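1. model this:
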Amino acid sequence: MTPIRLVTPKQEEPPTLHARAMDNLQYIRSTMERATTFTLISGWGHVAIGGTALVAAVIASRQKSFRDWMMVWLVEAFVALLISGWAMDRKARRSNAPLLSGPGRKILLGLTPPIFAGGLLTMVLYRAGLTDAIPPVWLLLFGTGVVTGGMFSVSVVPIMGLCFMALGAAAFFVQGFADWFMAIGFGGLHIVFGTIIARRFGG
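-> Below is the predicted model:
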């Protein structure tokens, strides 16, 4: 009678620590490359916002009261928000990336506090009669929000924010040119950096 032999199935050796580490590094590298070469921020959307801001600057410069001037820019801010949301959503759908993904959510969280602070300061300055300080505050705090939110995007975004901050700081010391500063900032900077983003980072 033939003796029964137990056959132990051959087990595959688990991947070595070195192989697993290399796989992880390759995954991290590819993820970082995608993050640094793509942004959900729409360049062409920024160009459109810059165009509407230039129109708003012309209309605002013809207003006889500061209240009417400010209302023009508040309407422009609402229009810019709609354009930005639509353009980002369109870019996200085209790239099959969720709009409120990790980076997108971080950009929103970085931008929101300075904008909220700007709204509160606007009310305080307006009631105190310090209306000349409102345009510089808008430029400075919007730039701050772009810098903090842009840290989770491509490098050109925080650079744009720094330009807004520099322009806002200069506007504090140069009186009587609020319309020019607003046009250069919300109009010119959006068009210039929007074009760069569109050409280099996928529209």
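2. which element follows the helix or strand bottoming out on mean pLDDT in the chain toward the C-terminus?
-> Ranked by mean pLDDT, DSSP states H and E, the weakest helix or strand in the chain is helix 17-37, scoring a mean of 53. Going down the chain from helix 17-37, the next helix or strand is helix 43-61, by DSSP states H and E.
3. helices or strands up against that next one?
-> helix 66-94, helix 178-182, helix 190-200 (3 or more C-beta pairs under 8 Å, 6 or more residues apart in numbering; DSSP states H and E). Placement of C-beta: from N, CA and C, glycine included.
4. how many other residues sit next to Gly50?
-> Gly50 is flanked by 22 other residues according to other C-beta atoms under 10 Å.
5. ok, it - contacts?
-> Phe186, Gly187, Gly188, Leu189, His190, Ile191, Val192, Gly194 (C-beta atoms under 8 Å, 6 or more residues apart in numbering).
6. of those, which qualify as buried by neighbour count?
-> Buried residues within these, defined by neighbour count using 16 or more other C-beta atoms under 10 Å: Phe186, Gly187, Gly188, Leu189, His190, Ile191, Val192, Gly194.
7. just give me the least confident of these.
-> pLDDT is lowest at Gly194 among those; the value there is 92.
8. what does the pLDDT read for the closest residue in space to that residue that isn't next to it in sequence?
-> Nearest non-adjacent residue to Gly194, counting by C-beta to C-beta, 6 or more residues apart in numbering: His46, 2.8 Å away. We have a pLDDT of 92 for His46.
9. does His46 touch Ile191 like I think?
-> Yes - because the distance of 7.4 Å satisfies C-beta atoms under 8 Å, His46 is recorded as touching Ile191.
10. burial of the closest residue to Asp132 other than its chain neighbours, as a residue count?
-> Sequence neighbours aside, Gln175 is the residue nearest to Asp132 in space, at 6.1 Å (criterion: C-beta to C-beta, 6+ apart). Counted with other C-beta under 10 Å, the neighbours of Gln175 add up to 9.
11. where's Gln175, which helix or strand?
-> Here Gln175 is assigned to no helix or strand, by DSSP H and E.
12. identify the residues contacting stretch 73-83?
-> Gly45, Ala48, Ile49, Thr52, Ala53, Ala56, Ala60, Trp138, Met182, Phe186.
13. any stretches of the chain with poor pLDDT?
-> For the chain, the stretches with pLDDT under 70 are 1-38, 97-104.
14. again, 80 this time
-> Across the chain, the ranges flagged by pLDDT under 80 are 1-40, 89, 91-109, 152-153, 202-203.
15. now the buried ones among the contacts of Gly50 as a markdown table including distance to Ala133?
-> Below are these laid out as a markdown table (distance: C-beta to C-beta, whole Å):
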| residue | distance to Ala133 |
| --- | --- |
| Phe186 | 17 |
| Gly187 | 21 |
| Gly188 | 22 |
| Leu189 | 20 |
| His190 | 22 |
| Ile191 | 26 |
| Val192 | 26 |
| Gly194 | 28 |
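16. just give me the closest of those to Phe142.
-> The nearest member of these to Phe142, counting by C-beta to C-beta, is Phe186 at 7.8 Å.
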